[in-house]
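**Student:** sequence and predicted structure are below.
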Amino acid sequence: MIKTNQLFDINSDCINQASLILNQLFANYPLHIGFFPKDSQRERKSRIFLEFALRYSIKFGIAQAISPRFEGIALWLPPSKKNFEFSKTLRSGTFAGWVQLSKDFLLHVLPIANHLESIRLHVIREPHWYLLYIGVECEYQGKGYSTKLINHMLEKIDTSKKYCYLETHTEKNVQIFQRFGFQVADVSRIPTTDITNWAMLRPPKQ
């Protein structure tokens, strides 16, 4: 795990609480509706998926929060050929969770993930950081927490002269990320869904 300062570094002891907060923000987010179309199962399965994202980010990237109260959370993956590498997925300790998601994984998660991966590889070939998730609890929005979470990492990324990439699935978010220097690099409809994917890229500041 890469060590950071100023913000709270999420560790494996915090996964239960952090995944609960993230799930409140993302269980009904367009991408997760695509992952888990059945309303009755989405909240439970979405949280399993987010636990995986947390474990993977903790072990192989950066998982940060505003404080131990988790008012805002950001997950980042470092430069890699793939967003998620299978061998690392197994090493992140999430096998039991994937068993529970096996049907959804094959029918929905994997096809969507493959589409997003193909877009990313088309948009950017240079080594880049990937902003996987960022969210702030509703009662804390408007306090600058997203700005703190994003700018803290962008300063480090700029120092290393790396690009930064993300995907978002609401037009409102596009406008927010543009304030941080991200530019829309691709807009596409995710196959077999009604979800629009905005791929956004931020070049390093000179």
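**Tutor:** Happy to help now that I have it.
**Student:** determine the longest helix present in this protein.
**Tutor:** Counting residues, the longest helix found in the chain (DSSP state H) is helix 39-60.
**Student:** in that one, what counts as buried?
**Tutor:** 42, 45-58, 60 (16 or more other Cβ atoms under 10 Å). C-betas here are computed from N, CA, C, even on glycine.
**Student:** can you name every helix or strand that it contacts?
**Tutor:** helix 15-26, helix 30-35, strand 72-77, helix 86-91, helix 95-100, strand 128-136 (3 or more Cβ pairs under 8 Å, 6 or more residues apart in numbering; DSSP states H and E).
**Student:** relative to the whole chain's centre, how far out is the first one?
**Tutor:** Right, helix 15-26. 13 Å (Cα atoms, centre = their mean, to the nearest Å).
**Student:** could you do stretch 26-42 as well?
**Tutor:** Worked out by Cα atoms, centre = their mean, stretch 26-42 lies 15 Å from the chain centre.
**Student:** show me the contacts for the residue nearest the centre of the chain.
**Tutor:** Closest residue to the average C-alpha location of the chain: residue 132 at 1.9 Å, with Cα atoms, centre = their mean. With contact set as Cβ atoms under 8 Å, 6 or more residues apart in numbering, residue 132 has these partners: 53, 57, 61, 75-77, 83, 166.
**Student:** again, but for residue 191
**Tutor:** 111, 115.
**Student:** show the pLDDT at it.
**Tutor:** On pLDDT, residue 191 comes in at 94.
**Student:** please apply the same query to residue 6.
**Tutor:** Reading off the model, residue 6 has pLDDT 84.
**Student:** so the closest residue to it other than its chain neighbours, which state does it fall into?
**Tutor:** Spatially, and ignoring its direct neighbours in sequence, residue 6 is nearest to residue 152 (6.1 Å; Cβ to Cβ, 6 or more residues apart in numbering). What DSSP: H, G, I helix; E, B strand; the rest coil gives for residue 152 is helix.
**Student:** from residue 136, how far off is residue 142?
**Tutor:** 9 Å (Cβ to Cβ, to the nearest Å).
**Student:** of those two, who's got more company?
**Tutor:** residue 136 (23 against 9; other Cβ atoms under 10 Å).
**Student:** isn't the more buried one right next to residue 146, touching?
**Tutor:** Yes - with contact defined as Cβ atoms under 8 Å, residue 136 and residue 146 form a contacting pair (5.5 Å).
**Student:** where does pLDDT dip in the protein?
**Tutor:** Residues of the chain meeting the criterion pLDDT under 70: 1-5, 81-99.
**Student:** hmm, back to that, continuing past the longest helix of the chain, what's the next helix or strand?
**Tutor:** As assigned by DSSP states H and E, the chain's next helix or strand after helix 39-60 is strand 62-65.
**Student:** which other helices and strands contact that following strand?
**Tutor:** strand 8-9, strand 72-77, helix 145-159.
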